[in-house]
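[1] Next one to model:
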Amino acid sequence: MNINIPQSYFSKLMRAVVEFELIEQGDRILIGVSGGKDSIFLTYALAILRERLKKDFTIAAFTVNPQFDDPFDTDAIASFCKKLDVPYEVVDVDIAGAIAEQDDKSPCFTCAFFRRGAVNRYAVEHQMNKVAYAHHHDDAVETFLMSLFYSGQLNTFRPKTYLDKTDITVIRPLVYFREQEIIDAIQYHGFTPIPSPCPHNGNTTRQTVKELIETLGKDNPNLYNHLAAGMREGALGELWPASKTRKEMERTYRTFIAKG
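    Now for the predicted structure:
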(Lines give C-alpha, C1' and ligand atoms only; values in the text may rest on other atoms or scores of the structure.)
Protein backbone atom coordinates (compact mmCIF):
# COMPACT_ATOMS: atom_id res chain seq x y z
CA MET A 1 0.00 0.00 0.00
CA ASN A 2 1.28 3.46 -0.96
CA ILE A 3 0.80 5.42 2.26
CA ASN A 4 0.88 9.19 2.53
CA ILE A 5 -0.83 12.13 4.26
CA PRO A 6 -0.81 15.89 3.55
CA GLN A 7 2.14 17.84 4.96
CA SER A 8 -0.19 19.74 7.31
CA TYR A 9 -1.31 16.42 8.81
CA PHE A 10 2.24 15.14 9.09
CA SER A 11 3.23 18.38 10.84
CA LYS A 12 0.50 17.94 13.47
CA LEU A 13 1.56 14.35 13.99
CA MET A 14 5.19 15.33 14.40
CA ARG A 15 4.33 18.22 16.71
CA ALA A 16 2.76 15.77 19.17
CA VAL A 17 5.59 13.23 18.81
CA VAL A 18 8.30 15.84 19.37
CA GLU A 19 6.60 18.06 21.98
CA PHE A 20 5.58 15.16 24.21
CA GLU A 21 8.45 12.78 23.28
CA LEU A 22 6.02 10.01 22.33
CA ILE A 23 8.34 7.72 20.34
CA GLU A 24 11.83 6.59 21.30
CA GLN A 25 14.46 4.29 19.87
CA GLY A 26 13.54 0.63 20.28
CA ASP A 27 9.90 1.21 21.23
CA ARG A 28 7.44 -1.65 20.78
CA ILE A 29 4.08 0.08 20.35
CA LEU A 30 0.70 -1.63 20.59
CA ILE A 31 -2.15 0.22 18.88
CA GLY A 32 -5.61 -0.12 20.39
CA VAL A 33 -7.86 -0.51 17.33
CA SER A 34 -11.64 -0.44 17.69
CA GLY A 35 -12.28 -0.27 13.95
CA GLY A 36 -13.64 3.27 14.17
CA LYS A 37 -12.34 6.20 12.14
CA ASP A 38 -9.91 7.42 14.82
CA SER A 39 -8.08 4.16 15.48
CA ILE A 40 -7.97 3.31 11.76
CA PHE A 41 -6.35 6.67 11.05
CA LEU A 42 -3.94 6.23 13.99
CA THR A 43 -2.78 2.88 12.61
CA TYR A 44 -2.22 4.47 9.20
CA ALA A 45 -0.39 7.46 10.73
CA LEU A 46 1.95 5.31 12.83
CA ALA A 47 2.73 3.17 9.78
CA ILE A 48 3.82 6.38 8.03
CA LEU A 49 6.00 7.38 10.99
CA ARG A 50 7.56 3.92 11.02
CA GLU A 51 8.68 4.54 7.43
CA ARG A 52 9.80 8.16 7.78
CA LEU A 53 11.39 8.52 11.21
CA LYS A 54 15.04 7.78 11.94
CA LYS A 55 14.00 6.05 15.16
CA ASP A 56 13.79 2.27 14.97
CA PHE A 57 10.50 1.09 16.50
CA THR A 58 7.83 -1.53 15.85
CA ILE A 59 4.04 -1.35 15.84
CA ALA A 60 1.29 -3.95 16.22
CA ALA A 61 -2.49 -3.64 16.39
CA PHE A 62 -4.93 -5.17 18.86
CA THR A 63 -8.73 -5.25 18.98
CA VAL A 64 -10.98 -6.13 21.89
CA ASN A 65 -14.19 -7.88 20.84
CA PRO A 66 -16.66 -6.74 23.54
CA GLN A 67 -19.13 -9.51 22.65
CA PHE A 68 -22.21 -7.32 22.30
CA ASP A 69 -25.28 -8.76 20.60
CA ASP A 70 -24.60 -7.00 17.29
CA PRO A 71 -22.04 -8.87 15.15
CA PHE A 72 -18.52 -7.45 15.15
CA ASP A 73 -16.70 -8.53 11.99
CA THR A 74 -13.02 -7.66 12.30
CA ASP A 75 -11.96 -9.12 8.94
CA ALA A 76 -11.79 -5.64 7.40
CA ILE A 77 -9.44 -4.45 10.17
CA ALA A 78 -7.25 -7.51 9.67
CA SER A 79 -7.09 -6.86 5.91
CA PHE A 80 -6.27 -3.18 6.47
CA CYS A 81 -3.46 -4.00 8.90
CA LYS A 82 -2.07 -6.66 6.56
CA LYS A 83 -1.79 -4.09 3.75
CA LEU A 84 0.17 -1.85 6.12
CA ASP A 85 2.35 -4.78 7.28
CA VAL A 86 1.11 -4.31 10.86
CA PRO A 87 0.70 -7.50 12.95
CA TYR A 88 -2.89 -7.80 14.19
CA GLU A 89 -4.82 -9.85 16.75
CA VAL A 90 -8.32 -9.93 18.24
CA VAL A 91 -9.19 -11.08 21.76
CA ASP A 92 -12.72 -11.68 23.08
CA VAL A 93 -13.57 -9.93 26.35
CA ASP A 94 -17.06 -10.23 27.83
CA ILE A 95 -17.60 -6.51 28.30
CA ALA A 96 -21.31 -6.89 27.52
CA GLY A 97 -21.64 -9.25 30.49
CA ALA A 98 -19.64 -6.94 32.75
CA ILE A 99 -21.93 -4.01 31.89
CA ALA A 100 -25.00 -6.11 32.66
CA GLU A 101 -23.57 -7.10 36.06
CA GLN A 102 -22.65 -3.51 36.98
CA ASP A 103 -25.82 -1.71 36.01
CA ASP A 104 -25.19 0.89 38.72
CA LYS A 105 -22.19 2.23 36.80
CA SER A 106 -21.93 4.05 33.49
CA PRO A 107 -21.63 1.50 30.66
CA CYS A 108 -18.91 3.68 29.11
CA PHE A 109 -16.90 3.59 32.34
CA THR A 110 -17.18 -0.20 32.58
CA CYS A 111 -16.33 -0.69 28.91
CA ALA A 112 -13.29 1.60 29.08
CA PHE A 113 -12.06 -0.08 32.26
CA PHE A 114 -12.17 -3.60 30.80
CA ARG A 115 -10.80 -2.52 27.43
CA ARG A 116 -7.80 -0.82 29.02
CA GLY A 117 -7.17 -3.87 31.18
CA ALA A 118 -7.24 -6.20 28.18
CA VAL A 119 -4.96 -3.99 26.09
CA ASN A 120 -2.46 -3.53 28.93
CA ARG A 121 -2.38 -7.26 29.67
CA TYR A 122 -1.74 -8.06 26.02
CA ALA A 123 1.02 -5.44 25.86
CA VAL A 124 2.77 -6.87 28.92
CA GLU A 125 2.43 -10.47 27.70
CA HIS A 126 3.96 -9.54 24.33
CA GLN A 127 6.76 -7.34 25.71
CA MET A 128 5.29 -4.10 24.37
CA ASN A 129 6.44 -1.00 26.25
CA LYS A 130 3.91 1.47 24.86
CA VAL A 131 0.21 1.53 24.05
CA ALA A 132 -1.11 4.04 21.51
CA TYR A 133 -4.69 5.30 21.67
CA ALA A 134 -6.48 7.39 19.05
CA HIS A 135 -7.82 10.19 21.23
CA HIS A 136 -7.87 13.46 19.32
CA HIS A 137 -8.07 17.13 20.33
CA ASP A 138 -11.87 17.21 20.53
CA ASP A 139 -11.74 14.23 22.90
CA ALA A 140 -9.37 16.12 25.20
CA VAL A 141 -11.54 19.25 25.28
CA GLU A 142 -14.71 17.23 25.85
CA THR A 143 -13.04 15.28 28.66
CA PHE A 144 -11.93 18.55 30.25
CA LEU A 145 -15.50 19.88 30.27
CA MET A 146 -16.98 16.54 31.38
CA SER A 147 -14.58 16.45 34.32
CA LEU A 148 -15.71 19.90 35.45
CA PHE A 149 -19.41 19.13 34.99
CA TYR A 150 -19.50 15.64 36.48
CA SER A 151 -16.66 15.53 39.02
CA GLY A 152 -16.00 19.18 39.90
CA GLN A 153 -12.35 18.92 38.83
CA LEU A 154 -10.28 20.57 36.11
CA ASN A 155 -8.84 17.48 34.49
CA THR A 156 -8.25 15.77 31.13
CA PHE A 157 -6.05 12.99 29.76
CA ARG A 158 -2.39 13.67 28.99
CA PRO A 159 -0.71 13.05 25.63
CA LYS A 160 1.72 10.73 27.43
CA THR A 161 1.13 8.81 30.67
CA TYR A 162 3.39 6.30 32.41
CA LEU A 163 1.59 3.43 34.18
CA ASP A 164 3.89 2.28 36.95
CA LYS A 165 1.85 -0.84 37.80
CA THR A 166 2.41 -2.32 34.35
CA ASP A 167 5.56 -0.42 33.29
CA ILE A 168 3.69 0.70 30.16
CA THR A 169 3.56 4.20 28.70
CA VAL A 170 0.31 5.32 27.07
CA ILE A 171 0.75 7.68 24.11
CA ARG A 172 -1.82 9.65 22.11
CA PRO A 173 -0.22 10.81 18.84
CA LEU A 174 -3.43 12.37 17.44
CA VAL A 175 -3.91 14.98 20.17
CA TYR A 176 -3.42 17.89 17.77
CA PHE A 177 -5.96 16.63 15.23
CA ARG A 178 -9.51 17.94 15.21
CA GLU A 179 -12.12 15.25 14.73
CA GLN A 180 -13.23 16.69 11.39
CA GLU A 181 -9.68 16.44 10.05
CA ILE A 182 -9.71 12.71 10.77
CA ILE A 183 -13.11 12.34 9.11
CA ASP A 184 -11.77 14.15 6.03
CA ALA A 185 -8.67 11.94 5.92
CA ILE A 186 -10.72 8.75 6.21
CA GLN A 187 -13.00 9.84 3.36
CA TYR A 188 -10.08 10.99 1.19
CA HIS A 189 -8.26 7.68 1.49
CA GLY A 190 -11.46 5.67 1.06
CA PHE A 191 -11.17 3.85 4.38
CA THR A 192 -14.37 2.28 5.68
CA PRO A 193 -14.62 2.35 9.48
CA ILE A 194 -16.51 -0.49 11.14
CA PRO A 195 -19.74 0.58 12.90
CA SER A 196 -19.51 0.26 16.67
CA PRO A 197 -21.37 -2.81 17.98
CA CYS A 198 -22.04 -0.98 21.26
CA PRO A 199 -25.79 -0.59 21.98
CA HIS A 200 -25.03 2.62 23.91
CA ASN A 201 -23.18 4.26 21.00
CA GLY A 202 -24.33 7.87 20.48
CA ASN A 203 -26.24 7.90 23.77
CA THR A 204 -23.47 8.91 26.15
CA THR A 205 -22.40 11.75 28.39
CA ARG A 206 -19.61 12.54 25.93
CA GLN A 207 -22.12 12.94 23.13
CA THR A 208 -24.15 15.32 25.29
CA VAL A 209 -21.07 17.45 26.00
CA LYS A 210 -20.02 17.34 22.34
CA GLU A 211 -23.41 18.71 21.30
CA LEU A 212 -23.32 21.35 24.05
CA ILE A 213 -19.94 22.67 22.82
CA GLU A 214 -21.27 22.79 19.28
CA THR A 215 -24.43 24.63 20.35
CA LEU A 216 -22.67 27.21 22.52
CA GLY A 217 -20.00 27.66 19.88
CA LYS A 218 -22.57 29.01 17.45
CA ASP A 219 -22.92 32.16 19.59
CA ASN A 220 -19.32 32.21 20.77
CA PRO A 221 -16.89 31.31 17.97
CA ASN A 222 -13.96 31.39 20.41
CA LEU A 223 -15.54 28.93 22.85
CA TYR A 224 -13.65 25.83 21.70
CA ASN A 225 -10.28 27.61 21.62
CA HIS A 226 -10.88 29.01 25.11
CA LEU A 227 -11.70 25.54 26.45
CA ALA A 228 -8.55 24.19 24.79
CA ALA A 229 -6.44 26.94 26.35
CA GLY A 230 -8.04 26.29 29.74
CA MET A 231 -6.86 22.67 29.87
CA ARG A 232 -3.19 23.66 29.72
CA GLU A 233 -1.07 23.79 32.87
CA GLY A 234 -0.57 27.42 33.89
CA ALA A 235 -4.01 28.47 32.64
CA LEU A 236 -5.52 28.79 36.11
CA GLY A 237 -6.66 32.23 37.13
CA GLU A 238 -8.03 33.10 40.55
CA LEU A 239 -9.90 30.30 42.30
CA TRP A 240 -11.37 29.90 45.75
CA PRO A 241 -9.05 28.37 48.35
CA ALA A 242 -9.38 24.66 49.08
CA SER A 243 -12.18 23.67 51.46
CA LYS A 244 -11.14 23.55 55.11
CA THR A 245 -11.60 20.43 57.21
CA ARG A 246 -14.17 20.31 59.96
CA LYS A 247 -11.38 20.47 62.54
CA GLU A 248 -9.88 23.58 60.92
CA MET A 249 -13.30 25.22 60.79
CA GLU A 250 -13.90 24.39 64.44
CA ARG A 251 -10.70 26.14 65.53
CA THR A 252 -11.72 29.28 63.65
CA TYR A 253 -15.28 29.03 64.92
CA ARG A 254 -14.10 29.00 68.54
CA THR A 255 -12.27 32.30 68.03
CA PHE A 256 -15.61 33.87 67.22
CA ILE A 257 -17.58 32.54 70.18
CA ALA A 258 -14.89 32.57 72.90
CA LYS A 259 -15.39 35.23 75.60
CA GLY A 260 -12.47 37.21 76.94
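[2] Name the nearest residue to Asp85, ignoring sequence neighbours.
    Leaving aside its sequence neighbours, Asp85 sits nearest to Ala47 (CB to CB, 6 or more residues apart in numbering; 7.5 Å). No exception for glycine: its C-beta is placed from N, CA and C like everyone else's.
[3] contacting residues for the one you found?
    If you count contacts by CB atoms under 8 Å, 6 or more residues apart in numbering, Ala47 has them with Ile3, Ile59, Leu84, Asp85, Val86.
[4] Just the buried subset of these, please.
    Buried subset of the contacts of Ala47 (neighbour count, 16 or more other CB atoms under 10 Å): Ile59, Leu84, Val86.
[5] which helices and strands sit right next to the helix or strand of the chain with the lowest mean pLDDT?
    When each helix and strand of the chain is scored by mean pLDDT, DSSP states H and E, helix 95-101 comes last, with a mean of 73. If you count contacts as 3 or more CB pairs under 8 Å, 6 or more residues apart in numbering; DSSP states H and E, helix 95-101 packs onto helix 107-125.
[6] So for the helix or strand following the helix it packs on, what gets flagged as buried?
    The helix or strand immediately downstream of helix 107-125 is strand 130-132, counting by DSSP states H and E. Across strand 130-132, burial judged by 16+ other CB under 10 Å covers Lys130, Val131, Ala132.
[7] now the helices for the stretch 101-250 of the chain?
    107-125, 137-151, 179-189, 205-219, 223-230, 246-257 (DSSP state H, counting those that start in this stretch).
[8] With mean neighbour count and mean pLDDT added, can I get those in a markdown table?
    Shown next, in a markdown table, are the helices of the stretch 101-250 of the chain (neighbours: other CB atoms under 10 Å; pLDDT from 0 to 100):
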| stretch | mean neighbour count | mean pLDDT |
| --- | --- | --- |
| helix 107-125 | 17 | 84 |
| helix 137-151 | 18 | 95 |
| helix 179-189 | 15 | 93 |
| helix 205-219 | 13 | 94 |
| helix 223-230 | 15 | 96 |
| helix 246-257 | 9 | 89 |
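[9] Please tabulate these in CSV, including the columns distance to Leu22.
    Formatted as CSV, the helices of the stretch 101-250 of the chain follow (distance: least, CB to CB, whole Å):
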stretch, distance to Leu22
helix 107-125, 15
helix 137-151, 15
helix 179-189, 17
helix 205-219, 24
helix 223-230, 19
helix 246-257, 43
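[10] Asp75: which of those is closest?
    helix 179-189 (18.4 Å; CB to CB).
[11] how much space between Glu181 and His137?
    9 Å (CB to CB, to the nearest Å).
[12] swap in Gln102?
    Distance from Gln102 to His137, by CB to CB: 31 Å.
[13] what about Pro193, how many neighbours?
    By other CB atoms under 10 Å, the residues close to Pro193 number 18.
[14] Ala45 too?
    When counting by other CB under 10 Å, one arrives at 25 neighbours for Ala45.
[15] Over to it. Which of the three states is it?
    Using DSSP: H, G, I helix; E, B strand; the rest coil, the structure places Ala45 in helix.
[16] isn't it right up against Ile3?
    No: using CB atoms under 8 Å, Ala45 makes no contact with Ile3, being 9.2 Å away.
[17] Taking helix 107-125 as reference, get the angle to the top strand by length along the chain.
    Using DSSP state E, we find that the single longest strand of the chain is strand 58-65. Relative orientation of strand 58-65 versus helix 107-125 (axes from the mean of the first three to the mean of the last three CA atoms, to 10 degrees): 140 degrees.
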